[in-house]
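J.: Task: produce atomic coordinates for the following.
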Amino acid sequence: MRAIFRLGWCCLFAVCTLISGPVQATEYPASVRLVLAKVGPLLSAKEHAKAAVILEEALGKEENHHAELWFALGNCRLLKGESSSAVNAYGRAVALEPNHTHAWLNLAKAHYERKQYKEAGRCFAKGYEIEGNAETLFFSGAAYLMAGANHEAISAFERLFTAHAKSVEPEWREHYLHALLGANQIKRALPLIRELAAQSHGDKKKQWQEILLHQYVRLGMYNEAQIYARTLVEQQPGEAKWWKALAHIQLSANRMEDALAALTIFSYLTPLSYEESLLLADLYFQAGIPAKAVPLYARQMKNVDGQVLYRLALAYHQLDQGDQALEALSRYSTVGKDSRLLMLKGEICYNLKRYPEAAASYRQAAILGGSHQGQAWLMAGYAAMQAQDPVASEQALNRAARFDREKHAATLALDRLKQTMMR
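T.: The predicted structure is shown next:
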């Protein structure tokens, strides 16, 4: 029974349906015609299992090894959900009749159901060679695309556009574009992305506009990306996503102040996520505006994070609000396990002339070890000296003197300490 699966596409593929009907089979041998006459009514009644039994019995006889019987058996098996055995049946059909278009197309369908997308693409290509239908060649390219065989997909699509220019559907070009991007042929894809971004409408238009911005950045074309993003925010100033895109483009181009301006406007248009709030706080901090950074950092401290805590305390410190910085640090037990936080706490205490606390923080940081260790012992020595604790100061400075980078400063401090003690 001749039948052909018509494929619809959702992204790449959707559900395939079978269109079947009576077949004029006068060109077949009498024995084949007899079998087809028996199974015809069964297939029409969707009694595929019964039809398959008759076909299998017939194909057990050598004289009945005919492509059309194998094709019909493949249809029965596929409609029963037996895609693996359907592949075998269709394969026997095309081996006996290489120009059996419907067998090639249904074989492609069977491979597709088994997620053998590259084989599906090859079979669709075989079907196209016979019938020359543009849609079949598109299916071949799209199947290759699903398989991740981007170069094969590109070849199929380019052949399609050359041979069937007047039949090309807009979504076919989108599949071609995905193949180009998958093959990392971004520069070849750019003109097509620009075309789709200009000609599409609604959400599809925004999708291609975002893709175009992303590809500009990916190629390091920051000037083009910035110009395009500015065009988008001018056209749709109330669309938050374009301000966010502009901010990230400016960041990629290392234009921190411009990124801060764009992200600030973005924050007026939509609530910020955790990551976006931290980014805005960091940009304020880097721009030398710690007063704007502090509330953003403080808002994120529900989830204790050493990095955020460090920036919050440092921002307070830069605002000469040392007590607030220490209060923030005191609320989290992680401080005593983080040498960077301990060094900052020591610096803040020293600045507030709370020398015993500063010495204790520096000493604790030094004990934890790390690249800061020599500096921590040196500062612990200075702080103990200011706290009028010469014994602790001498011990810390002697330890600092063991490090090449701090040796000179520690030696001078020890000399000064000895002179003070002698006096």
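
J.: Tally up the residues packed near Glu39, please.
T.: Quick fix: residue 39 is Val, not Glu. By other CB atoms under 10 Å, 24 other residues sit near Val39. All C-beta atoms are positioned from the backbone trio N, CA, C, and that covers glycine.

J.: then the strand or helix carrying it to PDB, C-alphas only?
T.: Assigned by DSSP states H and E, Val39 belongs to helix 30-44. Provided in PDB are the C-alpha atoms of helix 30-44 (Å, rounded to 0.1, in the frame of the first residue of the first chain):
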ATOM      1  CA  ALA A  30      -0.100 -11.500  -9.500                       C
ATOM      2  CA  SER A  31       1.100 -13.000  -6.200                       C
ATOM      3  CA  VAL A  32       2.000  -9.500  -4.900                       C
ATOM      4  CA  ARG A  33      -1.300  -8.000  -6.100                       C
ATOM      5  CA  LEU A  34      -3.100 -10.800  -4.300                       C
ATOM      6  CA  VAL A  35      -1.400 -10.000  -1.000                       C
ATOM      7  CA  LEU A  36      -2.000  -6.300  -1.400                       C
ATOM      8  CA  ALA A  37      -5.700  -7.000  -2.000                       C
ATOM      9  CA  LYS A  38      -5.900  -8.900   1.300                       C
ATOM     10  CA  VAL A  39      -4.200  -6.300   3.400                       C
ATOM     11  CA  GLY A  40      -5.800  -3.300   1.800                       C
ATOM     12  CA  PRO A  41      -9.100  -3.500   3.700                       C
ATOM     13  CA  LEU A  42      -7.200  -4.300   7.000                       C
ATOM     14  CA  LEU A  43      -5.100  -1.200   6.700                       C
ATOM     15  CA  SER A  44      -8.100   0.900   5.900                       C
END
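
J.: chain center to it, what's the gap?
T.: 53 Å (CA atoms, centre = their mean, to the nearest Å).

J.: So what's the predicted local confidence for Ile4?
T.: Confidence at Ile4, expressed as pLDDT, is 32.

J.: give the contact list for Thr264.
T.: Contact analysis of Thr264 by CB atoms under 8 Å, 6 or more residues apart in numbering lists Leu280.

J.: which element is it on?
T.: Assigning secondary structure by DSSP H and E places Thr264 in helix 256-269.

J.: Kindly provide the whole-number mean pLDDT of that helix.
T.: Mean pLDDT, helix 256-269: 95.

J.: buried ones in it?
T.: For helix 256-269, a neighbour-count test (16 or more other CB atoms under 10 Å) marks Asp258, Ala259, Leu260, Ala261, Ala262, Leu263, Ile265, Phe266, Ser267 as buried.

J.: So which of these is the closest to Ala376?
T.: Leu260 (33.7 Å; CB to CB).

J.: Look up the closest residue to that closest one, ignoring the ones flanking it.
T.: With sequence-adjacent residues excluded and distances taken as CB to CB, 6 or more residues apart in numbering, Leu260 is closest to Leu283, at 4.1 Å.

J.: how near is the one you found to Glu158?
T.: 45 Å (CB to CB, to the nearest Å).

J.: Which one's more surrounded, the two?
T.: Taking neighbours as other CB under 10 Å, Leu283 and Glu158 compare with Leu283 leading, 24 against 13.

J.: Could you list every helix and strand that the one helix or strand the more buried one maps to packs against?
T.: Following DSSP H and E, one finds Leu283 within helix 274-286. With contacts taken as 3 or more CB pairs under 8 Å, 6 or more residues apart in numbering; DSSP states H and E, helix 274-286 sits against helix 256-269, helix 290-299, helix 306-318.

J.: Just checking the distance from that helix to the centre of its chain.
T.: The answer for helix 274-286 is 23 Å, by CA atoms, centre = their mean.

J.: relative to helix 290-299, how tilted is that helix?
T.: Relative orientation of helix 274-286 and helix 290-299, computed by axes from the mean of the first three to the mean of the last three CA atoms, to 10 degrees: 150 degrees.

J.: and stretch 245-260, how far from the chain's centre?
T.: On CA atoms, centre = their mean, the centre of stretch 245-260 falls 21 Å from that of its chain.

J.: which residues touch that stretch?
T.: Contacts for stretch 245-260 (CB under 8 Å, 6+ apart): 210, 213, 216-217, 222, 225-226, 229-230, 232-233, 262-263, 266, 280, 283-284, 286-287.

J.: Any idea how far apart the tips of it sit?
T.: Taking CA to CA, to the nearest Å as the measure, stretch 245-260 stretches 12 Å from start to finish.

J.: Then stretch 176-189?
T.: 9 Å.

J.: Going forward, the N-terminal residue is numbered 256.
T.: Sure thing, new numbering starts at 256, so read that last one as stretch 431-444.

J.: pLDDT (mean, whole number) over that stretch?
T.: For stretch 431-444, mean pLDDT is 94.

J.: Selection in PyMOL covering whichever of the contacts of stretch 500-515 are buried, please.
T.: One line in PyMOL is enough to select the buried members of the contacts of stretch 500-515, burial here meaning 16+ other CB under 10 Å:
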select buried, resi 468+471+472+477+480+481+484+487+488+517+518+521+535+538+539
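
J.: now the strands: where do they sit in the protein?
T.: With DSSP state E as the criterion, the chain has strands at 259-262, 271-274.

J.: For His366, give its distance to Ser338.
T.: 8 Å.

J.: Compare these two (neighbour count), which wins?
T.: His366 (23 against 18).

J.: how about low-confidence regions in the stretch 456-605 of the chain?
T.: 558-559 (pLDDT under 70).

J.: One more pass at 90, please.
T.: In the predicted model, the stretch 456-605 of the chain carries pLDDT under 90 at residues 473, 507-509, 529, 553-564, 583-593.
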